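A.B. asks: A structural model of the following input is requested.
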Amino acid sequence: MLSQILIASAIFLRVVASDYYCDSGEAVCCTNTTTTSVKASRDILAAYSISDSGLSGLIGYGCSAIVAASDGSVSGCTNETVCCTGPQYYDGQITVNCTAAVSV
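C.D. replies: Down below sits the predicted model:
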């Protein structure tokens with residue numbers, strides 16, 4: 001049953017996470033977010049050999065997926081809930097192409 005709900009969510013590109021949802025991408029909880037316009041952010045990307053070319057939106061640091069439990073509940077995010085369409089690097093420590101999750 002839960003797998004059917006998750007598949008339906010992916011089809012409609014709406015992922016529900018606590019009181020937030022994503023129009024596209026995966027809902028993740030990040031310790032911190034920033035943009036490529038911040039020099040420190042560009043320096044971190046360069047240190048990990050990640051090109052900032054073609055990146056848009058927010059860059060999340062220390063991110064983990066927000067996963068639904070078998071009873072349908074979701075883990076809460078005490079930091080920043082964002083929706084990311086880009087790849088994750090270093091087990092989610094850096095996630096790119098993110099937008100702020102929409103509060104419902």
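A.B. asks: pLDDT wise, what is Cys98 at?
C.D. replies: The confidence metric pLDDT takes the value 92 at Cys98.
A.B. asks: is it correct that it falls within a strand?
C.D. replies: Yes: remark: Cys98 belongs to a strand, assigned using DSSP: H, G, I helix; E, B strand; the rest coil.
A.B. asks: what's near enough to touch it?
C.D. replies: Going by CB atoms under 8 Å, 6 or more residues apart in numbering, Cys98 touches 25, 28, 30, 33, 57-60, 82-86. Placement of C-beta: from N, CA and C, glycine included.
A.B. asks: bridging residues for it?
C.D. replies: Cys98 has the following beta-bridge partners by DSSP bridges: Leu58, Cys84.
A.B. asks: cool, the one 5 residues further on as well?
C.D. replies: With DSSP bridges applied, Ser103 shows beta-bridge pairing to Tyr20.
A.B. asks: check Ala65 too.
C.D. replies: Beta-bridge partners of Ala65, counted by DSSP bridges, are Val28.
A.B. asks: pretty sure it sits against Gly92.
C.D. replies: Yes: under the criterion of CB atoms under 8 Å, Ala65 makes contact with Gly92 at 7.4 Å.
A.B. asks: list residues touching both of those two?
C.D. replies: Listed as contacting both Ala65 and Gly92 by CB under 8 Å, 6+ apart are Val28.
A.B. asks: check which helix or strand Gly92 maps to.
C.D. replies: Assigned by DSSP states H and E, Gly92 falls within no helix or strand.
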